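Participant: fold the stuff below for me.
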Amino acid sequence: MLVGVIDVATDKVETSQQVEQVLAEVMKFVPKQKIVACTNCGMAPMRRDIAEAKLIALGKGVALARKKFG
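Facilitator: The predicted structure is shown next:
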């Protein structure tokens, strides 16, 4: 199951903790082995620095979730 934890409709950069919280909520309904964290759409129209910051937050948030939930 793809889970769009990064919102590309805004330039506001999510925190890694926000990403981890979304994944924790999803795990209440979907087994963690079936979750793929991603953006909710493409990032082409976004400024590169913002897109990179969002992807870094995504990676760090997934790492937090893996550490916390195994």
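Participant: please make it C-alpha for all contacts and neighbour counts, starting now.
Facilitator: OK.
Participant: what distance do you get for Val26 to Gln33?
Facilitator: Between Val26 and Gln33 the computed distance is 12 Å (C-alpha to C-alpha, to the nearest Å).
Participant: between the two, who's got more neighbours?
Facilitator: Legend: neighbour count by other C-alpha atoms under 10 Å for Val26 and Gln33, higher for Val26 (15 against 8).
Participant: got the confidence number for the more buried one?
Facilitator: Per-residue confidence at Val26 stands at 96 (pLDDT).
Participant: against which helices or strands is the helix ranked longest in the chain packed?
Facilitator: Across the chain, the longest stretch assigned as helix under DSSP state H is helix 48-69. For helix 48-69, the elements it packs on are strand 2-6, helix 16-26, strand 36-39, judged by 3 or more C-alpha pairs under 8 Å, 6 or more residues apart in numbering; DSSP states H and E.
Participant: can you do 7 Å?
Facilitator: In this structure, helix 48-69 makes packing contacts with helix 16-26, judged by 3 or more C-alpha pairs under 7 Å, 6 or more residues apart in numbering; DSSP states H and E.
Participant: identify the residues contacting the helix it packs on?
Facilitator: Helix 16-26 is touched from outside by 5, 57-58, 60-62, 64-65, with contacts defined as C-alpha atoms under 7 Å, 6 or more residues apart in numbering.
Participant: so, low pLDDT: which residues of this protein?
Facilitator: Along the chain, the model assigns pLDDT under 70 to no residue.
Participant: for Leu2, see how far away the residue of it positioned farthest from its centre is.
Facilitator: In the chain, Pro45 marks the outermost C-alpha relative to the chain mean, sitting 18.6 Å out by C-alpha atoms, centre = their mean. In this structure, Pro45 lies at 21 Å from Leu2, with C-alpha to C-alpha as the measure.
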